[in-house]
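> With the input below, show me the fold.
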Amino acid sequence: MSDEDCGSTFVLPVAEGADIVPVTIDVTDSAMEAMQGAMSNSGADDVLVVSVLGGGCSGFMYDLQIQNRPTEDGWQFITCENITIAVHDSDSVKLSGITLDFVNSLMGGGFKVVNPNAEKSCGCGKSFR
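Okay, here's the model as predicted:
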């Protein structure tokens, strides 16, 4: 079959690779206390993984999970008072420079992320664009 028989062709753009920046994260005293409490029964190889998911009211959501330390390439690790925080390189641009905070309120408490990279943030502190 020749190219003439196939009709018109087009080429879709292919992503070249995401930008990767060194990740820095500030942790408030209340967030550190909450992380230490949450990880007190965790194993020696457990880390707090901070990542970005699609969704939420502003386009992206923060995701924090305690899990085994990732062993594959492409992760950055930050140690703060014996707690290791892991961020994947693909999320580094969106997450570098964030501050992890923990707030208590009458409506419930939880981790809040203050992100200087966000164009817009939701009032709940869990969603951004």
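> Could you find the closest non-adjacent residue to the residue most central in space within the chain?
Centroid check for the chain by C-alpha atoms, centre = their mean gives residue 51 as the closest residue, at 2.1 Å. Distances taken as C-beta to C-beta, 6 or more residues apart in numbering place residue 63 nearest to residue 51, at 4.7 Å, with adjacent residues excluded. Glycine gets a C-beta too; all of them are placed from N, C-alpha and C.
> can you pull the pLDDT of residue 120?
Note on residue 120: pLDDT of 66.
> re earlier: would you mark the buried spots in the helix or strand where the residue nearest to residue 51 lies?
Applying DSSP states H and E as the criterion places residue 63 in strand 59-68. For strand 59-68, a neighbour-count test (16 or more other C-beta atoms under 10 Å) marks 60-62, 64 as buried.
> Kindly report the same for stretch 19-33.
For stretch 19-33, by 16+ other C-beta under 10 Å, it's 23, 25, 27, 30-32.
> so where's the protein uncertain?
Per-residue confidence for the chain (pLDDT under 70) gives these ranges: 1-18, 56-58, 120-129.
> isn't the residue nearest to residue 51 right up against residue 48?
No - if you go by C-beta atoms under 8 Å, residue 63 and residue 48 don't touch, sitting 10.8 Å apart.
> how about the helices in this structure?
For the chain, the helices defined by DSSP state H cover 29-38, 92-95.
> Thanks a lot, see you next time.
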